[in-house]
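> Here is a sequence together with a model predicted from it:
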Amino acid sequence: MTREEKNNAIEELVTILEGTNILYIADIAGLDAETTSNLRRAAFKNDIKLSVVKNTLLKKAMERSEKPFDGLFETLKGNSSIMIAETGNAPAKLIKEFRKKSDKPILKGAYIEEAIYVGDDQLDALSNIKSKEELIGDVIMLLQSPAKNVISALQGSAGNKVAGLVKALEERAQ
């Protein structure tokens with residue numbers, strides 16, 4: 001690979017890194033062709049971009065990036081592939097699901113919304129992270145809960161008592 005090709009690859013990686021808030025680094029070395037193909041197919045179905053990268057090029061791209069990837073430098077040893085997704089927990093769920101049949105991929109590290117996770121032991125925590133849509137749904141449910149309680153109270157026996165009191169006060173006023 002010539003110096004120009006390396007610089008082009010680094011710039012391409014910088015563009016990818018700047019365009020995402022979710023980056024997983026995994027080790028998929030040792031997977032046979034069929035298993036690797038199945039992993040790529042599963043990643044594609046889950047809107048995850050999977051690419052094998054050279055550690056030195058990825059490190060240089062991370063250094064040139066505006067984002068704080070410093071904590072992931074120690075993970076750039078051996079075989080590395082990157083997983084990029086829109087949902088923070090999607091790659092972790094994919095890795096967990098895939099590891100039911102195989103001992104790989106192994107999570108080396110992850111960068112999610114400026115938080116750094118290092119090591120395969122972080123996989124459970126990462127798979128439990130809620131997506132933006134799930135968090136919005138939880139907030140909406142919490143906001144609707146008090147209104148639902150008031151409505152159900154008014155519709156139940158308490159509501160009959162309130163209606164009776166209002167009717168009695170109305171008759172008394174006349």
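It's in. Fair warning: this is a prediction, and the values are worked out from it, not measured in the lab. Numbers count the residues shown, from 1 in each chain.
> Ala92: neighbour count?
Residues within reach of Ala92, counting by other C-beta atoms under 10 Å, total 25. Using the backbone N, CA and C atoms, a C-beta is placed for each residue, glycine as well.
> Going by neighbour count, which residues in the helix or strand hosting it are buried?
Here Ala92 is covered by helix 90-98, with elements defined by DSSP states H and E. In terms of neighbour count (16 or more other C-beta atoms under 10 Å), helix 90-98 has its buried residues at Ala90, Pro91, Ala92, Lys93, Leu94, Ile95, Phe98.
> Give me the nearest residue to the last one, chain neighbours excluded.
Which is Phe98. Excluding its sequence neighbours, the residue lying closest to Phe98 (C-beta to C-beta, 6 or more residues apart in numbering) is Leu39, at 5.9 Å.
> Which residue ranges of the protein form helices?
3-18, 33-45, 55-64, 90-98, 123-127, 132-155, 157-173 (DSSP state H).
> got the buried residues for the fifth one?
Going by neighbour count (16+ other C-beta under 10 Å), the buried part of helix 123-127 is Leu123, Leu126, Ser127.
> Deepest in the core, which of the helices of the chain is it.
helix 90-98 (a mean of 21; mean count of other C-beta atoms under 10 Å).
> pLDDT averaged over that one - what is it?
In this model, helix 90-98 has an average pLDDT of 89.
> I would like the residues contacting stretch 13-21, please.
Outside of stretch 13-21, the residues within contact range by C-beta atoms under 8 Å, 6 or more residues apart in numbering are 23, 53, 57-58, 61-62, 64-67, 69, 82, 84-85, 111-114.
> Any chance of a ChimeraX selection covering the buried ones in those residues?
Command for ChimeraX that selects the buried part of the contacts of stretch 13-21, burial taken from 16+ other C-beta under 10 Å:
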select :23,53,57,58,61,62,69,82,84,85,111,112
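> Serialize the helices of the chain to JSON lines and add fields for distance to Phe73.
Shown next, in JSON lines, are the helices of the chain (distance: least, C-beta to C-beta, whole Å):
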{"stretch": "helix 3-18", "distance to Phe73": "13"}
{"stretch": "helix 33-45", "distance to Phe73": "24"}
{"stretch": "helix 55-64", "distance to Phe73": "6"}
{"stretch": "helix 90-98", "distance to Phe73": "20"}
{"stretch": "helix 123-127", "distance to Phe73": "19"}
{"stretch": "helix 132-155", "distance to Phe73": "28"}
{"stretch": "helix 157-173", "distance to Phe73": "62"}
